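Trainee: Kindly return the folded structure for what I paste below:
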Amino acid sequence: GSFAPSSGDVVDVQFSDRYLYVLTDTPDRLYAFDLTNGIVAELGSVDVPAMPVRFEVKGRYAYVIAGSSLTSIDLADVARMRTVGSVALTGVPTDFWMNDRYAFVLQSAVIHSYDVSNPAAMTEASLTSTAAAGSFQVTGRGSYMYSSDGDQTGTFYITDLRSPGALVAASSLVGAGGSYMTMVGDYVFVADGNDVSVVDITNKSAPQFVTRLYGVRFGSMAIHGEYLYGVTLDTELKVYRLPSAHLATASVGSLEAGTLQVMNNGRIAGTFEVGGGLSVGTAGISSYGALVVRGGSVTSSFIGNRTV
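Mentor: Sure thing, here's the model as predicted:
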């Protein structure tokens, strides 16, 4: 099936839970659609600043870069979405990436960081930064952000985000530039409109050029499983199968993986350590031993019934 917002050209789309959010210009609005049971139903919309570029959904808020501002929108009631905060940008925004607390906005080819921990009172964390100057697009993961300028002869950059108030250039790789990127595991695919470069980012201090897919004129692309999907500049959809290993069974002494996906059940014989957060589905947590929660100064919340 297909659908269209009330009017306007689509600029960006994001999925969150069962909702599809669509950003348009002329008019400059953010729309929310319900995808329940495969039926697309428009629930509501809200005005955004002129000339919207991109947006990200984080929890109950959407963050939009448009014109000369970064704007936060409350999505708690999608039928009555409302703007709650805005911070002025110092340049022309072209792209941005967010972690849990900061938004890193590429504006006038320079990266600036903004503290969005309070969506109603966002503040700029870095006033100036020469890290990755000249970049066209950004993406990131963990404590690092990846960006590139607009052509193949240009540069691929890695920026250290561990001090958001003073962004530091971690490394760069000449000859792997482009205008569109996607990332899977420890590899970044960079499209320049003529070819696609593959960069190994395992070592953040020394990224390595892996290979180049010649004549692959992707304007946008995404990776799912072992397949690379892309839309060419001629509006053709093309699919490439990426090299991988298919093993019926294997015994491995040590395994390091950028992203690990288990299709069925998993069993850990020893200790399982998680460095970030842990999300558990509706089946809950069943513990045959003690359950200890150490939050320090962080407040722990329990929602629903509890039996002790």
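
Trainee: which residue ranges form the strands in the stretch 101-250 of the chain?
Mentor: Here the stretch 101-250 of the chain has its strands, by DSSP state E, counting those that start in this stretch, at 102-107, 110-115, 123-124, 137-141, 144-148, 155-160, 168-174, 180-184, 187-191, 196-200, 208-213, 218-224, 227-232, 237-241.

Trainee: can you put those strands in JSON lines and add mean pLDDT?
Mentor: Shown next, in JSON lines, are the strands of the stretch 101-250 of the chain (pLDDT from 0 to 100):
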{"stretch": "strand 102-107", "mean pLDDT": "92"}
{"stretch": "strand 110-115", "mean pLDDT": "90"}
{"stretch": "strand 123-124", "mean pLDDT": "94"}
{"stretch": "strand 137-141", "mean pLDDT": "90"}
{"stretch": "strand 144-148", "mean pLDDT": "92"}
{"stretch": "strand 155-160", "mean pLDDT": "92"}
{"stretch": "strand 168-174", "mean pLDDT": "91"}
{"stretch": "strand 180-184", "mean pLDDT": "89"}
{"stretch": "strand 187-191", "mean pLDDT": "93"}
{"stretch": "strand 196-200", "mean pLDDT": "93"}
{"stretch": "strand 208-213", "mean pLDDT": "92"}
{"stretch": "strand 218-224", "mean pLDDT": "82"}
{"stretch": "strand 227-232", "mean pLDDT": "84"}
{"stretch": "strand 237-241", "mean pLDDT": "85"}
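
Trainee: would you list those strands in CSV and tack on distance to residue 92 and mean neighbour count?
Mentor: (C-beta placed from N, C-alpha, C; glycine too.) Putting these into CSV (distance: least, Cβ to Cβ, whole Å; neighbours: other Cβ atoms under 10 Å) gives the following:
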stretch, distance to residue 92, mean neighbour count
strand 102-107, 6, 24
strand 110-115, 10, 22
strand 123-124, 16, 14
strand 137-141, 14, 19
strand 144-148, 16, 25
strand 155-160, 19, 22
strand 168-174, 22, 17
strand 180-184, 19, 19
strand 187-191, 22, 24
strand 196-200, 26, 21
strand 208-213, 30, 14
strand 218-224, 21, 16
strand 227-232, 25, 17
strand 237-241, 31, 11
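
Trainee: Nearest to residue 55, out of those?
Mentor: In terms of Cβ to Cβ, the element of these nearest to residue 55 is strand 102-107, at 10.7 Å.

Trainee: For the strands of the stretch 101-250 of the chain, give me JSON lines that also has distance to residue 25.
Mentor: Formatted as JSON lines, these follow (distance: least, Cβ to Cβ, whole Å):
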{"stretch": "strand 102-107", "distance to residue 25": "18"}
{"stretch": "strand 110-115", "distance to residue 25": "22"}
{"stretch": "strand 123-124", "distance to residue 25": "25"}
{"stretch": "strand 137-141", "distance to residue 25": "19"}
{"stretch": "strand 144-148", "distance to residue 25": "24"}
{"stretch": "strand 155-160", "distance to residue 25": "29"}
{"stretch": "strand 168-174", "distance to residue 25": "33"}
{"stretch": "strand 180-184", "distance to residue 25": "20"}
{"stretch": "strand 187-191", "distance to residue 25": "24"}
{"stretch": "strand 196-200", "distance to residue 25": "28"}
{"stretch": "strand 208-213", "distance to residue 25": "32"}
{"stretch": "strand 218-224", "distance to residue 25": "18"}
{"stretch": "strand 227-232", "distance to residue 25": "20"}
{"stretch": "strand 237-241", "distance to residue 25": "24"}
